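Chemist: pasting the sequence and the predicted model now:
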Amino acid sequence: MTRVVVRPYGSGRETLVVVMLCAVIVATAATVATIRARPADETVLADWRIDARDGLNAAEQGLNADLMAAADDIRAEISDGGPPTPERLANDALPPFAKDATTTKRGGHGWSLARDGETVGYLGATGDAAVAGSILLRIAPPAKDGHGHDGESASTVWAHPSSRSVAGLTDERLIAAGWKQVTSRYDSSVTREAK
């Protein structure tokens, strides 16, 4: 009779193999993450633009949001026959034209209609510059798409600390008068952790 001694397989070798495999996986993941990582691209605004998030106070941000929402309704009316007056928009209770409780809290703006060729503007002259500056909704005529079809007209909002009038609605004239186009940047600072 032959006796064979079978020794138990040691766990030391198996543990070493698992640890080495884990180290290779972590090193590979770290290398890939380092190679693919790139610095966040920060958008730099031109001097004549202002970011809606950090360039406007709360009252102005509310006016900006209301104007951008109202722009769709106003564009539809313009395409159906002509620009509605601020008085009619106020009678329709369309914010920010409507006179309500928020009007004085947002600067008590007086609204007027301005035209420059086919471009239409709704100027909200501030009643209290300490609360909110003047604000302008500019609606440009629809651009042609090259096939004779009208595209969608462009709506932009412009802000000024105190101006009560506009000399023209072109970018050049507004910039020369100190108006700043309200825009939104989307970069890494958009997402912030709650504190």
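Modeler: Arrived safely, thanks for sending. This one's a predicted model, so the numbers in the text were calculated from it and none came from an experiment. Numbering: from 1, shown residues only.
Chemist: who does the helix or strand hosting Ala159 touch, helix- and strand-wise?
Modeler: Per DSSP states H and E: Ala159 is located in strand 155-160. The contact analysis (3 or more C-beta pairs under 8 Å, 6 or more residues apart in numbering; DSSP states H and E) places strand 155-160 against helix 58-79, strand 134-139, strand 180-183. Placement of C-beta: from N, CA and C, glycine included.
Chemist: and what about Tyr122, helix, strand or coil?
Modeler: Here Tyr122 is recorded as strand under DSSP: H, G, I helix; E, B strand; the rest coil.
Chemist: could I get the full set of strands for the chain?
Modeler: 49-51, 110-116, 119-125, 134-139, 155-160, 180-183 (DSSP state E).
Chemist: tell me the most buried of those?
Modeler: Mean neighbours per residue, mean count of other C-beta atoms under 10 Å, is largest over the strands of the chain for strand 134-139, with a mean of 25.
Chemist: partners of it in the sheet?
Modeler: strand 119-125 (antiparallel), strand 155-160 (antiparallel) (DSSP bridges).
Chemist: what about the top helix by length along the chain, average pLDDT?
Modeler: When the chain is parsed with DSSP state H, its longest helix is helix 11-36. In this model, helix 11-36 has a mean pLDDT of 90.
Chemist: ok, stretch 104-123 next?
Modeler: For stretch 104-123, the per-residue pLDDT averages 91.
Chemist: and the end-to-end length of it?
Modeler: One end of stretch 104-123 to the other measures 16 Å (C-alpha to C-alpha, to the nearest Å).
Chemist: what's the answer for stretch 79-87, then?
Modeler: End-to-end distance of stretch 79-87 (C-alpha to C-alpha): 19 Å.
Chemist: need the contact partners of that stretch.
Modeler: For stretch 79-87, contacts defined as C-beta atoms under 8 Å, 6 or more residues apart in numbering pick out Ile74, Glu77, Asp92, Phe97, Trp111, Ser112, Leu113, Arg115, Val120, Tyr122, Ile139, Pro142.
Chemist: hang on, the earlier thing: closest one to Asp47 among the strands paired with strand 134-139?
Modeler: Asp47 lies closest to strand 155-160 among the strands paired with strand 134-139, at 13.7 Å (C-beta to C-beta).
Chemist: would you mind writing the CA trace of that closest one as CSV?
Modeler: Presented in CSV, the C-alpha positions along strand 155-160 are these (Å, rounded to 0.1, in the frame of the first residue of the first chain):
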residue,chain,number,x,y,z
SER,A,155,-35.7,87.0,-28.5
THR,A,156,-33.1,88.6,-26.2
VAL,A,157,-33.2,90.4,-22.9
TRP,A,158,-31.0,93.3,-22.2
ALA,A,159,-30.3,95.1,-18.8
HIS,A,160,-29.2,98.5,-17.8
